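Student: The amino acid sequence is not available; the structure is as follows:
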């Protein structure tokens, strides 16, 4: 057996062990249920991964509800995708711009409340398989809505309904309540080097 | 001025300062260029965020090339989306299953080489605006391809072409070469609680 064969043989033996472990692990996952998913952290990809899941659900023929609490994160590229799946997407934009643009806290609170009412309506409507509350974490961070009320509302849903909440600074209580939490950590960002927001990347 | 008005006034003053800062920051971003983007980390959302960017690009009428080095990460939901944008997606599946399923290192290396040839072809073809090398980091991690060769190939592209590389354990040299790197960190996963992979979430 030459050196390369030896490496391959050892690799293959390890792979067999790992395969047995993974097969056993997967066999023990039997429950199907609607998940409460949180995408948080300062890095990119929180809304984009939610959009990716929305697209996958559209491909499966599911109906998706999206409430966008802060304007700016979703744009023209997304709308053209929705158009390809007529009647399957209900996307409501509730905010009037990034928080630091509105400069009117009282109005922001009104928008937050209106957005939350939309999320609750979509959660209560059995036709939606997936509901995305985009940037809801920011709304909670600013205390525009009481976190206990929001968590209770998110938990009070059909067994098979999936909900995704995005935004940096997810409250601990929401992380505690969620089934799946991913933190997007920014390791490196092209804005740091003077590159501007671009079609197909940021919007 | 009552207490609530006072909170609002202070918030609004802070928001104005932040707005000025952000406007200045955005004004200084003038460069447009194709980005080398890396999604790494053990958390979910690496491929899903890449898929979300692919969908956004499709909505903009761009052509997208996807080379999937490990089978299993992309599935039926995605294919139905591609069908809605005929001629805009070229998705090649190069692997034969998760690495721990194949148990044949020599064959894995052949697949990796074939996948890399596809990525290079898509990078060289000006009709692709976005190229996704899905799970290429895993291929590099296993030393199936030389990292220097891969980075040189990724850097040798048109000014406006975007490339996304996904997979846990991105090599340091690739992070160094990239414009935008996000690490998806797993905070909590529903597999830990016995819930199985589900339509619209995992596939």
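Tutor: Sure, I can see it. Please read all numbers here as calculations on a predicted model, not as lab measurements.

Student: Domain-wise, how is chain A divided?
Tutor: Recorded structural domains for chain A (assignment: automatic domain parsing) are A:1-30, A:32-193.

Student: Among those, show the one with the smallest mean pLDDT.
Tutor: Lowest mean pLDDT of those: domain A:1-30, a mean of 70.

Student: before we move on, the earlier item: comparing the domains of chain A, which comes out most buried?
Tutor: domain A:32-193 (a mean of 20; mean count of other C-beta atoms under 10 Å in any protein chain shown). Glycine gets a C-beta too; all of them are placed from N, C-alpha and C.

Student: follow-up on the earlier one: output the domains of chain A in CSV; the columns should cover distance to residue B:123.
Tutor: What follows is the domains of chain A, written out as CSV (distance: least, C-beta to C-beta, whole Å):
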stretch, distance to residue B:123
domain A:1-30, 29
domain A:32-193, 18
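
Student: and of these, who's closest to residue B:15?
Tutor: domain A:32-193 (4.4 Å; C-beta to C-beta).

Student: now that closest one, how far from the centre of its chain.
Tutor: Distance of domain A:32-193 from the chain centroid (C-alpha atoms, centre = their mean, to the nearest Å) equals 6 Å.

Student: how about the domains of chain A in CSV, adding distance to chain B?
Tutor: Shown next, in CSV, are the domains of chain A (distance: least, C-beta to the nearest C-beta, whole Å):
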stretch, distance to chain B
domain A:1-30, 4
domain A:32-193, 3
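
Student: Out of those domains, the one nearest residue B:70 is which?
Tutor: domain A:1-30 (12.9 Å).

Student: Show me the strands in chain A, by range?
Tutor: A:36-40, A:64-68, A:89-93, A:130-134, A:162-166, A:180-188 (DSSP state E).

Student: Correct me if wrong: residue A:115 contacts residue A:69.
Tutor: Yes: taking contacts as C-beta atoms under 8 Å, residue A:115 lies within contact range of residue A:69: 4.9 Å.

Student: need the strands of chain A in JSON lines with distance to residue A:107, can you?
Tutor: Below are those laid out as JSON lines (distance: least, C-beta to C-beta, whole Å):
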{"stretch": "strand A:36-40", "distance to residue A:107": "25"}
{"stretch": "strand A:64-68", "distance to residue A:107": "16"}
{"stretch": "strand A:89-93", "distance to residue A:107": "15"}
{"stretch": "strand A:130-134", "distance to residue A:107": "19"}
{"stretch": "strand A:162-166", "distance to residue A:107": "22"}
{"stretch": "strand A:180-188", "distance to residue A:107": "29"}
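
Student: mind checking the longest helix of chain A?
Tutor: Longest helix of chain A, by residue count under DSSP state H: helix A:3-27.

Student: tell me, what residue is most central in chain A?
Tutor: For chain A, residue A:50 is the residue whose C-alpha lies nearest the centre (C-alpha atoms, centre = their mean; 3.6 Å).

Student: wait, that residue sits on residue A:136?
Tutor: No: counting by C-beta under 8 Å, residue A:136 is not a contact partner of residue A:50; they are 11.0 Å apart.

Student: Would you mind listing the residues touching both of these two?
Tutor: residue A:166 (C-beta atoms under 8 Å, 6 or more residues apart in numbering or on different chains).

Student: contacting residues around the nearest residue to residue A:151 once chain neighbours are set aside?
Tutor: Closest residue in space to residue A:151, ignoring its immediate chain neighbours: residue A:177 at 5.0 Å, by C-beta to C-beta, 6 or more residues apart in numbering or on different chains. Contact partners of residue A:177, counting by C-beta under 8 Å, 6+ apart, are A:36, A:151, A:154-155.

Student: ok, 10 Å please
Tutor: For residue A:177, the contacting residues are A:36, A:38, A:147, A:150-152, A:154-155, A:165, A:171, by C-beta atoms under 10 Å, 6 or more residues apart in numbering or on different chains.

Student: Same list (these) but as CSV, adding distance to residue B:121.
Tutor: Converted to CSV, the contacts of residue A:177 look like this (distance: C-beta to C-beta, whole Å):
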residue, distance to residue B:121
A:36, 42
A:38, 38
A:147, 50
A:150, 48
A:151, 49
A:152, 53
A:154, 45
A:155, 49
A:165, 40
A:171, 47
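
Student: Which one of the domains of chain A lies nearest to residue B:9?
Tutor: Nearest to residue B:9, of those and by C-beta to C-beta, is domain A:32-193 at 8.6 Å.

Student: any idea how far residue A:59 is from residue B:31?
Tutor: According to C-beta to C-beta, to the nearest Å, residue A:59 stands 35 Å off from residue B:31.
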